[in-house]
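Engineer: what follows is a predicted protein model with its sequence.
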There are 2 protein chains.
Amino acid sequence: MTSAYPDRDLADVFAYIDAHRQEFIDRLVDYVRHPSISAQGVGIAETAAYIAGVIERLGMTSQIIPTAGWPMVFGERADAPGKPTALLYGHYDVQPPDPLDAWISPPFEPTIRDGRLYARGVGDNKGQHLAQILAIESLLACRGTLPCNVKLLLEGEEEIGSPQMPVFARERRDLLAADLVITSDGPVDESGRSRVLFGARGIVAFELRAHGANRDLHSGNWGGVAPNPLWTLVHLLETMKNARGEITIDGFYDRVQPLSEMERAALAQLPADEAAIKQSLGLTAFDAPHERGFTERLCAWPTLTINGLHGGYVGPKSKTVLPHKAIAKCDIRLVEAQTAAEIIERLQAHVQRHAPDVELIIHGSMDPSRTPLDSPFAAPIMRGITAAQGEEPLAVLSLGGSLPDYVFTKVLGIPAFGVPYANADQSNHAPNENLELDRFILGIKTGAAMLTCIADKR
Amino acid sequence: MTSAYPDRDLADVFAYIDAHRQEFIDRLVDYVRHPSISAQGVGIAETAAYIAGVIERLGMTSQIIPTAGWPMVFGERADAPGKPTALLYGHYDVQPPDPLDAWISPPFEPTIRDGRLYARGVGDNKGQHLAQILAIESLLACRGTLPCNVKLLLEGEEEIGSPQMPVFARERRDLLAADLVITSDGPVDESGRSRVLFGARGIVAFELRAHGANRDLHSGNWGGVAPNPLWTLVHLLETMKNARGEITIDGFYDRVQPLSEMERAALAQLPADEAAIKQSLGLTAFDAPHERGFTERLCAWPTLTINGLHGGYVGPKSKTVLPHKAIAKCDIRLVEAQTAAEIIERLQAHVQRHAPDVELIIHGSMDPSRTPLDSPFAAPIMRGITAAQGEEPLAVLSLGGSLPDYVFTKVLGIPAFGVPYANADQSNHAPNENLELDRFILGIKTGAAMLTCIADKR
């Protein structure tokens, strides 16, 4: 039998996608009309059923799989024995749309303005995984079969931290077995250039609660006598990170891997106009340590950020109060090969040693993820993107933010790649979330090209 | 001519005061019915006119003296050439009464319950300076003349920091010329025992404002890149006071005077049940440095209290935000012979050196005050209190809180004594402010006895 994929000439597929542009946009409009707010439990079942129906009509098997949280939607089509299996991950849930009055058009009444579709979830993540689905549809329409085997996993809890993902992965290893994972989420580079993400930093989110007396006191009558929980937090936090920007929790850096030559080279080729970034943020200098470059900070170093610190008087002028409680909310971003479990242990030991009366509450955690830059699937993915977009993507070592990629790389042992389709100013998690329609269409072509190139890999 | 004060037998005066108990209480009720909220400018002129009228009807000269703020009420009677002149200081303004719904009876509808009069300003300070006025009235009623010369100064801005007091004192040195100042404000000791205050700590109230980027940022995308104003404040505050409780602003302790033997002895005789205090506050330990006793901390050491620290996320669980601004509000309590001006200079230099981008805003300041324990007027005052109350008062080196006593001791060079009349649970500055009626009557007797004993001093 003659292969439907004798070469990588995808002109017919790209032409098909262009010809169906309006239909594909209409289908995206129809999809994002469905609210699916995981934090509030709004529209989840309806949206899961809707997208499962879309997958099924495509000619893939389709299942809605219950979990202890919101359900997973799973689809599969195995057309190519002996060819690699790509697992395409995405999420059908969206962020809450508040503040509603900041939206120019209502979040669930999709509206096109200036070549962009505005709707909650259009970029994060419905438009991006719908592009993958329409890539499959376009390949099938043009060739009757897929170049490689494809699995689709759409979860319903990404926006609330993917709590069921590691459980589900451990329980359903066979179902999820694949050669690589591709996640299209997040934005392309600020410059508009496409990129491939090889990893994401992990996270430990925690809170410190310090207590003083059983009530607020007068600073003149009790200052220097009753302990001040704000001073307690200042002194404790100071033991965790010094003014030079070094995190000083015992053993914190023990597992941080030095960068390889290849990784350094990848970092070096990333565009980062530090002067322009500073100007845009209104900064005269970056944070300490000053010798680290922009991309190195974001990809290769762990961080400890105080997200919030609150205690005592907050009104105008002054009030001579000695507060009785104070809280700090913090996050640690982890890099390879730190683990959340070990960092939590070290954090607990540190607080116990320096401020045993301070409560430490862990709000959530996620391991970091790193796929080697020389993974055998890296080159085919880059080739696919280049074929669809006419420009080589940037190779990004690791994302600054955190994604549950570790579920693929560490729980399942599958190399994972991020290939974002959204414009950099998509305003995800914010009012007026939007997706450039040209990028949506380009995403469909990119998805088709990547699956085709992957097929050639072995 | 025969002196009206052949000895210190005040039985007739005390009997007169007891006989007029109900009348005196009625007059207090009438006075506190007048709101005089300096912060809001409510009822100031009416109340000043009211109390000036009371003073005038007593047979003293009486003036309402305009200032750049609310007016001073001044009264004088010079019956005793060659005898000392006592300046009695008080304030006719009161704190705002909010929160109104926490009052059992309305703040300006004086109500007696269980031997206490409830009204805003009854203890702080109307009941206390009215007691001095009624002491003068009782002495005049019984003897026809006063044992010493008396001046009365009632200001209208004590509750907003006495901004006109130093100006007024400098401009009207002659008017205020006196041998000693007595202020009856604040409460007696927790034990119910009377006390004489020889000083008050000063204060510098300030705010630190740290700025990062021009907007809040995502901690994953910008942590470790954009400076975090909360970390900036943590590091700056840590340079100002260490975990051992030592204030580490350069030169901060330079002018702090070591305690004399007499001062140490006075501190030692103060009742302070540290175990009971800890229990009442729900504390297992006092603040560092642990080797300092309770009364020594409050009277003899400066403090640096963080009154409030705020920046970033404050809601439930976690939010991975990198805040763009943060503020800390602090107060420093000063002891003899620190000066507010010098400490402000040192603070400015410190912030400039350690965090030049942080804004330092001074909200207010006041010098400390200390009258020597061996002042020639100390013994007569103690004798007067003992004569009226049947128990020796405690000698308190310095109050933990701040009062504008420095205006008397430093601007005018007059020894100043605090002789509080109010019950310890007067709830001043709070809802349901009250004054025990027995203490009010005892205050009138104490005022009469002090003026009598002072007259014998020279």
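Structural biologist: Here it is on my side, so go on. Residues are numbered from 1 along each chain as shown, chains lettered A, B, ... in the order given.
Engineer: domains of chain A: list them as residue ranges, please.
Structural biologist: Chain A breaks down by automatic domain parsing into domains covering A:11-200+A:368-455, A:202-256+A:302-366.
Engineer: ok, which of these comes nearest B:Gln63?
Structural biologist: Closest to B:Gln63 of the domains of chain A, according to Cβ to Cβ: domain A:202-256+A:302-366, at 31.8 Å. C-betas here are computed from N, CA, C, even on glycine.
Engineer: end-to-end on the closest one?
Structural biologist: Domain A:202-256+A:302-366 has an end-to-end distance of 5 Å (Cα to Cα, to the nearest Å).
Engineer: quick one: average confidence on that domain?
Structural biologist: Here the mean pLDDT over domain A:202-256+A:302-366 is 96, rounded to a whole number.
Engineer: likewise for stretch A:401-408?
Structural biologist: Looking at stretch A:401-408 alone, the average pLDDT works out to 89.
Engineer: before we move on, what about stretch A:140-152?
Structural biologist: Within the predicted structure, the mean pLDDT of stretch A:140-152 is 97.
Engineer: point me to the residue of the stretch 351-458 of chain A nearest chain B.
Structural biologist: Taking Cβ to the nearest Cβ, chain B has its nearest neighbour within the stretch 351-458 of chain A at A:Gly401, 3.0 Å off.
Engineer: contacts only, for the closest residue to chain B within the stretch 101-250 of chain A.
Structural biologist: Closest approach of the stretch 101-250 of chain A to chain B (Cβ to the nearest Cβ) occurs at A:Gly220, with a separation of 3.0 Å. A:Gly220 sits next to A:320, B:201, B:203, B:333, B:399-402 when contact means Cβ atoms under 8 Å, 6 or more residues apart in numbering or on different chains.
Engineer: go on, A:Ala272?
Structural biologist: Residues in contact with A:Ala272, defined by Cβ under 8 Å, 6+ apart, are A:293-295.
Engineer: what about it, which helix or strand?
Structural biologist: When elements are defined using DSSP states H and E, A:Ala272 is found to belong to no helix and no strand.
Engineer: what does A:Gly220 give?
Structural biologist: With secondary structure defined by DSSP H and E, A:Gly220 is part of helix A:219-222.
Engineer: cool, and A:Phe74?
Structural biologist: Using DSSP H and E, the secondary-structure element containing A:Phe74 is strand A:72-77.
Engineer: coming back round to it: for the helix holding A:Gly220, which positions count as buried?
Structural biologist: Residues of helix A:219-222 classed as buried under the neighbour-count rule (16 or more other Cβ atoms under 10 Å in any protein chain shown) are A:219-220, A:222.
Engineer: compute the first-to-last residue distance for stretch A:364-382.
Structural biologist: This stretch, stretch A:364-382, spans 33 Å end to end (Cα to Cα).
Engineer: now the two most distant members of the contacts of A:Gly220.
Structural biologist: Using Cβ to Cβ, these span at most 12.9 Å, a distance reached by A:Thr320 and B:Leu399.
Engineer: which one's more surrounded, the two?
Structural biologist: Between A:Thr320 and B:Leu399, counted using other Cβ atoms under 10 Å in any protein chain shown, the more crowded position is B:Leu399 (25 against 22).
Engineer: tell me how many other residues crowd the closest residue to that one other than its chain neighbours.
Structural biologist: Once its chain neighbours are removed from consideration, B:Leu399 has its nearest residue in B:Ala200; the separation is 4.4 Å (Cβ to Cβ, 6 or more residues apart in numbering or on different chains). One way to gauge burial is a neighbour count; for B:Ala200, by other Cβ under 10 Å, it gives 33.
Engineer: if we can go back for a sec, these two touch, right, the residue of the stretch 351-458 of chain A closest to chain B and A:Arg201?
Structural biologist: Yes - checked against Cβ atoms under 8 Å, the pair A:Gly401 and A:Arg201 is within contact range at 7.0 Å.
Engineer: of these two, which one has the most company?
Structural biologist: In this view A:Gly401 and A:Arg201 are compared by other Cβ under 10 Å, and A:Arg201 has more residues nearby, 29 against 18.
Engineer: isn't A:Ala86 up against A:Leu451?
Structural biologist: Yes - here A:Ala86 lies in contact with A:Leu451, judged by Cβ under 8 Å, at a distance of 6.2 Å.
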